[in-house]
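**Student:** sharing a model prediction with you, sequence too.
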Amino acid sequence: MSYALSDPSDSCFQQKCQHTHGDHCFQCEELGTVLDDIEEAVEEASFHMKNDHDKATYLLKHSRDIIHAWKAHQLHTVRQDQSKLKILKELDSGSVFIAQDWAMKFLMRKYRESQSDLLGKCGIS
């Protein structure tokens, strides 16, 4: 996982591994092979209308992009969770860990309750 997140052009974002890495990952290549097989099947399939072929081609490309984005998200999530656990293990009694999630950053105004509404419920005006 560290290898997948390393940046070969920046030494600050590189991490050495205990094993060697080739240019290709067998499990990742299997996914590519399956997606290529699906693409080949779509190209060879006969459609009643050209529009159906275009839709199938679009869905395939869109699905491929979503799968790769999901894989990247999963890799990032696992690495982030590992880092958080490492930090929590290293905390001492004089330290604090503050986490701010993306959902915590952006809470739309319509979901927040105004102070006047809150006090009105309590009978205070």
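**Tutor:** Structure received. Numbering: from 1, shown residues only.

**Student:** report pLDDT for His21.
**Tutor:** The model reports His21 with a pLDDT of 60.

**Student:** avg pLDDT for the helix or strand containing Leu88?
**Tutor:** Leu88 belongs to helix 50-90 when assigned by DSSP states H and E. For helix 50-90, mean pLDDT rounds to 91.

**Student:** ok, residues contacting stretch 28-37?
**Tutor:** Applying CB atoms under 8 Å, 6 or more residues apart in numbering, the contact partners of stretch 28-37 are Leu60, Arg64, Ile67, Lys71. Where you see a C-beta, it was placed from the backbone N, CA and C, and this is true even at glycine.

**Student:** buried ones only from these, please, as a ChimeraX command.
**Tutor:** Buried members of those can be picked out in ChimeraX with the line below, counting by 16 or more other CB atoms under 10 Å:
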select :60,64
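
**Student:** the contacts of stretch 28-37: which two are farthest apart?
**Tutor:** By the measure CB to CB, Leu60 and Lys71 form the most distant pair in the contacts of stretch 28-37, at 16.7 Å.

**Student:** pull the contacting residues for Ser95.
**Tutor:** Ser95 neighbours (CB under 8 Å, 6+ apart): none.

**Student:** need the three-state assignment for it.
**Tutor:** Look at Ser95: counting by DSSP: H, G, I helix; E, B strand; the rest coil, its state is coil.

**Student:** from now on call the first residue 22
**Tutor:** In the new count, where the first residue is 22, that last one comes out as Ser116.

**Student:** hmm, back to that, what helices or strands is the helix holding Leu109 leaning on?
**Tutor:** helix 23-26, helix 47-65 (3 or more CB pairs under 8 Å, 6 or more residues apart in numbering; DSSP states H and E).
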